[in-house]
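Visitor: quick one: sequence and predicted model below, then my questions.
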Amino acid sequence: MTQPLASTTDLVKAFDANRALDGVSMAIEPGRITGLVGPDGAGKTTLIRILAGLMAPTSGTVSVLGGKPGEKLETLGYMPQRFGLYEDLSVLENLKLYAEVRGLPRNEQQDSFDKLLAFTDLARFQDRLAGKLSGGMKQKLGLACALVKTPKVLLLDEPGVGVDPISRRELWAMVGDLTEQGIGVLWSTAYLDEAEKCDTVYLLNEGKLLFDGPPAELTGHVRDRVIRVSGFEARRRQFLTRALDRDDVIDGTIQGRSVRLLVADGKPVPDAQALAAGPDTEVDTADPRFEDGFIERLGGGPKGTSALAARYRTIPETTDCAIEANGLTKVFGAFTAARDMNFRIPRGQIFGLLGPNGAGKSTTFKMLCGLLSPTSGTGAVAGKSLRKSAAAARASLGYMAQKFSLYGDLSVRQNLDFFAGAYDLPRDKAQRAIEAMIEIFELHDKLDVNAGTLPLGFKQRLALACAVMHEPPVLFLDEPTSGVDPVTRREFWMHINGLVEKGVTVLVTTHFMDEAEYCDRATLIYRAEQIATGTPDELKAEAARLTGAADPTMEDAFIALIEAFDRKREAREAA
Amino acid sequence: MRFRFDLRRLAALVRKEAAQILRDPSTFLIAFVLPMILLFLFGYAVSLDSTRTRVGLVIQDSSAPALRLAQAYRNSRYFEVTEARTVAQVRDKLVDGELRALIVIPQDFGAGIKRGHMPPIQIVTDGSQPNTANFAAAYGEGVRASWAAAEGLERNPGAREAPVIVSARYWYNPELKSKFFLVPGSIANVMTMVGTLLTALVVAREWERGTMEAMMATPISMAEFIASKVIPYFFLAQASMTLCAVIGVWVFGVPFRGSIFALYAISSAFLMPALGLGLFISAATKNQFVASQVALLSAFLPTFLLSGFIFEIGSMPWPIQALTYIVPARYLIPSLETVFLAGDQWGLLLPNIGIMLLFGMVFFTLSFRVTRRSLD
């Protein structure tokens, strides 16, 4: 075994009473990608900052390049979460600044810049201000700045956050090249699918190491226990609820038309008959994923029945669509942010808006919530036209936003009180709703805590509670679970699935492809247009037809559809 | 410092800072447009001089001395006179604020003088505007006194010899024009804005945008980082000071009796505490909004209120006077006034420069203490 480039032993970092890191021992080896995996708040950033010499450990030892952290900064590359770019400097000026402060000899600079600009494909944009780059390009420039003087260790703090799957895939390939030069890379991520591609993985949760080793070892634990059930008669959401309530199933997710289940260790894998899902049901084993192993380490996912859905009113059946978009278009000056959006979502369905950042999903979403008025086209929510009765349309929806639309300076109870008031609930009804939310989301201990200081999982629960207190027939979810741990995410979807069975209609934007699988139908938005619409299975089938790959994931489908669109557009422009 | 001070790194950081200053329109606004607004505001709109106060002159007597006294008021360059025969005619105008004071020459004025004693006149002022009221009362009495002296009516009763005549001469600013004081005062304010407010914002901005974190993970030392913030803003502040001085002299006709060297020596000395305080605020708050509030409270307002710029320090209550000693601008304003209106009086300038440099050292030491290379 080679000498590690950096390592920690029994590392503890305490902030007041909280332990952000609790006895973490790890090592970064040359020529390998070491994954640092865990949900937000697990301690990943703290660990990276300690390695970069930006924070001092409370106890334990740290060694970086044979010295203390912060001593060998010339050969350490570090890309912080926000990339550390100067937005009012151009691409080239940022590179130059980092080259100078890292002490790269002048006569080597041009070579280095040429190589990095080619590597990151930013040569065309070298005079553009960093602030005017897209998220994916900023991330590449951030990486280039960290690489401007070839480091021995490269620390990347969540390089994949907020970046669409295509850019993530490109970045991954770039970092793969670097390891071939012998650089040791630490890649921190909240995306569990990225963990599978690392050479070795440290899985962190709440400051503790849950697992270390090659990712295959973790997935090996759950081999043969992951099954895919398809062809059942009952509706998939009801089936999933029933399956999760069984004792031998510790986790389950919806995958398009089928349901994926993780069977508890030591229990026999149930067959179709045992699952009582109907005569045509097929049960076969599926490839285990890193997330399955993680869920098992955390003690399994939540059970299937949603207490929230149990007390929710049943939304009456109507013939109208719950949400309609007819040619919605939004133009800002010379820029078309969304062009001709058309979809109709019947009552009791989940509809997804997927797409890279800046493609137009948020614009479409905001037009439907009545936050932006469309340049042309019409829309309706719960039968109320956005043009004629925007206020009534808004009153019939619950909204939960990406950054969690909570007031950080108000306590949990004050937030609940405020939203009950904002949705105009009568006093006695508001009181009952608030008590119920506290019960369902287990907020008892947290009532007097300011929402801003809650752990992410609780923030997410509270945001959902605030959005559904008035029992709206339509729910709008904007990136509802990005960054939260998989158990909290399961719990969230368990509630949403329950609500949908009660007739609630859900519109969700997401770049988590797992979440896309929960949708009844989804539309892929790219360059302000809907480039594909259908059920998740239809989208995957389309991608399989385009690429010839068997059984593509939702992410493969996403990338294949976008690439096909780009090829078509290029061909059109060439003609 | 673990890392030696490297001039190449410093140069790269200074270039970056300069590029940011040049590209940021708000920097340009604060450094060049705001000083112009301040100067023109003080130069034209806000004047502490009270040339030509509107007063009512009530002449109840038609004797020759009374008419001559009335003529003296009419001729005075301090008053614009509205004449009346009775108080009732102009009382409403005083109440409306159209007139600021009434000067009443009483009926028996001429008769009193004939009898050989000086009869009193009445001055009624509008107490809702105390400054103007005091001014009108004092100048009203002044006009009367000089008229009486010219008529040979008033003598010191005890003096048999030629009377001692006190005549006031105002050196350096014989016309008592307040804009001569306001221009140096504006320079102090402008340098506080650029030196403290802008610097307070820029370091906080690095924290907010996450670039501080990235910079700390490179080999730069905190000394280089601090120097890279100080150098560009030092020159920027000097540039905007120069602009103020040039406009003050050429547009407002403020005299410049000292040397350019002395002017730059004083302003450089003042920029040490100004920049040091800005760096300290921003390193301690790490947040642009809080930094701007703290900079306004701890630098801008004291420079405005406690430096002798608008309110004379000598007439403040003693606890406030004591407080002014820790306001660096208190040492700048008299120095600037001296350079503009009197000349290079090094005996006065050097101690002030010394004190300002001392303040600068204190603030820079504090900044170094709080700007640690750590996110803890």
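Guide: Noted; the coordinates are in hand. Computed from a predicted model, the values in this text were never measured in an experiment. Residues are numbered from 1 along each chain as shown, chains lettered A, B, ... in the order given.

Visitor: how about A:Arg569: what's its closest non-neighbour residue?
Guide: A:Arg527 (7.9 Å; C-beta to C-beta, 6 or more residues apart in numbering or on different chains). (C-beta placed from N, C-alpha, C; glycine too.)

Visitor: ok, now which ones touch the one you found?
Guide: Applying C-beta atoms under 8 Å, 6 or more residues apart in numbering or on different chains to A:Arg527 gives the contacts A:359-360, A:565, A:569.

Visitor: flag whichever of those scores worst on pLDDT.
Guide: Note: of those, the lowest pLDDT belongs to A:Ala359, at 80.

Visitor: in ChimeraX, select just the buried ones from the contacts of A:Arg527.
Guide: With 16 or more other C-beta atoms under 10 Å in any protein chain shown as the criterion, this ChimeraX line picks the buried residues out of the contacts of A:Arg527:
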select /A:359,360,565
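
Visitor: and which of the contacts of A:Arg527 is nearest chain B?
Guide: Closest to chain B out of the contacts of A:Arg527 is A:Ala359 (25.0 Å), distances taken as C-beta to the nearest C-beta.

Visitor: hmm, that closest one is touching A:Thr523, no?
Guide: No - assessed by C-beta atoms under 8 Å, A:Ala359 is found out of contact with A:Thr523, at 11.0 Å.

Visitor: residues near A:Glu206, how many?
Guide: Residues within reach of A:Glu206, counting by other C-beta atoms under 10 Å in any protein chain shown, total 18.

Visitor: that one and chain B, how far apart?
Guide: 20 Å (C-beta to the nearest C-beta, to the nearest Å).

Visitor: and what of A:Ser376?
Guide: 35 Å.

Visitor: which one is that residue nearest to, not counting chain neighbours?
Guide: A:Ser376's closest residue in space is A:Thr329 (C-beta to C-beta, 6+ apart), at 4.7 Å.

Visitor: so that neighbour sits in a helix?
Guide: No - assigned with DSSP: H, G, I helix; E, B strand; the rest coil, A:Thr329 falls outside any helix and is strand.

Visitor: ok, longest helix in the chain?
Guide: Just going to use chain A. Looking across chain A with DSSP state H, the single longest helix is helix A:554-574.

Visitor: that's the wrong chain, I meant chain B
Guide: Ranked by residue count, the top helix of chain B under DSSP H comes out as helix B:222-250.

Visitor: in that helix, what's buried?
Guide: Neighbour counts over helix B:222-250 (16+ other C-beta under 10 Å) mark B:222-234, B:236-238, B:240-241, B:243-245, B:247-248 as buried.

Visitor: rewinding a little: using PDB, list the CA coordinates for the longest helix of chain A.
Guide: Output of helix A:554-574 as PDB, limited to C-alpha atoms (Å, rounded to 0.1, in the frame of the first residue of the first chain):
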ATOM      1  CA  MET A 554     -33.300   8.100 -15.600                       C
ATOM      2  CA  GLU A 555     -30.000  10.100 -15.700                       C
ATOM      3  CA  ASP A 556     -28.900   8.200 -18.800                       C
ATOM      4  CA  ALA A 557     -32.200   9.100 -20.400                       C
ATOM      5  CA  PHE A 558     -31.800  12.700 -19.400                       C
ATOM      6  CA  ILE A 559     -28.400  13.000 -21.000                       C
ATOM      7  CA  ALA A 560     -29.300  11.000 -24.100                       C
ATOM      8  CA  LEU A 561     -32.400  13.100 -24.800                       C
ATOM      9  CA  ILE A 562     -30.500  16.400 -24.400                       C
ATOM     10  CA  GLU A 563     -27.600  15.200 -26.600                       C
ATOM     11  CA  ALA A 564     -30.000  14.100 -29.300                       C
ATOM     12  CA  PHE A 565     -31.700  17.500 -29.200                       C
ATOM     13  CA  ASP A 566     -28.300  19.200 -29.500                       C
ATOM     14  CA  ARG A 567     -27.300  17.100 -32.400                       C
ATOM     15  CA  LYS A 568     -30.600  17.900 -34.200                       C
ATOM     16  CA  ARG A 569     -30.200  21.600 -33.500                       C
ATOM     17  CA  GLU A 570     -26.600  21.600 -34.800                       C
ATOM     18  CA  ALA A 571     -27.600  19.700 -37.900                       C
ATOM     19  CA  ARG A 572     -30.400  22.300 -38.400                       C
ATOM     20  CA  GLU A 573     -28.100  25.200 -38.000                       C
ATOM     21  CA  ALA A 574     -25.500  23.600 -40.300                       C
END
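
Visitor: roughly how far is it from the heart of the chain?
Guide: 23 Å (C-alpha atoms, centre = their mean, to the nearest Å).

Visitor: and that helix, what other elements does it pack with?
Guide: helix A:165-180, helix A:513-516, strand A:521-526, strand A:529-534, helix A:536-547 (3 or more C-beta pairs under 8 Å, 6 or more residues apart in numbering or on different chains; DSSP states H and E).

Visitor: show me the contacts for residue 238.
Guide: Just going to use chain A. So A:Gln238 contacts A:Glu501 (C-beta under 8 Å, 6+ apart).

Visitor: please go with chain B instead
Guide: Residues near B:Gln238 by C-beta under 8 Å, 6+ apart: B:264, B:267-268, B:271.

Visitor: cool, B:Gln288 as well?
Guide: By C-beta under 8 Å, 6+ apart, the neighbours of B:Gln288 are B:201, B:204-205, B:208.

Visitor: CA-only coordinates of stretch A:321-328 in PDB, if you can.
Guide: C-alpha atoms of stretch A:321-328 as PDB (Å, rounded to 0.1, in the frame of the first residue of the first chain):
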ATOM      1  CA  CYS A 321     -57.500  19.100 -15.100                       C
ATOM      2  CA  ALA A 322     -55.900  20.200 -11.900                       C
ATOM      3  CA  ILE A 323     -53.100  22.100 -13.600                       C
ATOM      4  CA  GLU A 324     -53.000  23.300 -17.200                       C
ATOM      5  CA  ALA A 325     -50.400  25.100 -19.300                       C
ATOM      6  CA  ASN A 326     -51.500  26.200 -22.800                       C
ATOM      7  CA  GLY A 327     -48.600  27.700 -24.700                       C
ATOM      8  CA  LEU A 328     -47.100  29.500 -21.800                       C
END
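
Visitor: need the contact partners of it.
Guide: A:338, A:340-349, A:351, A:364, A:367-368, A:374, A:376-382, A:473-474, A:505, A:507.

Visitor: list buried residues within the residues you listed.
Guide: If you count burial by 16+ other C-beta under 10 Å, the buried members of these come out as A:338, A:341, A:343, A:345, A:347-349, A:351, A:364, A:367-368, A:374, A:377, A:379-382, A:473-474, A:505, A:507.
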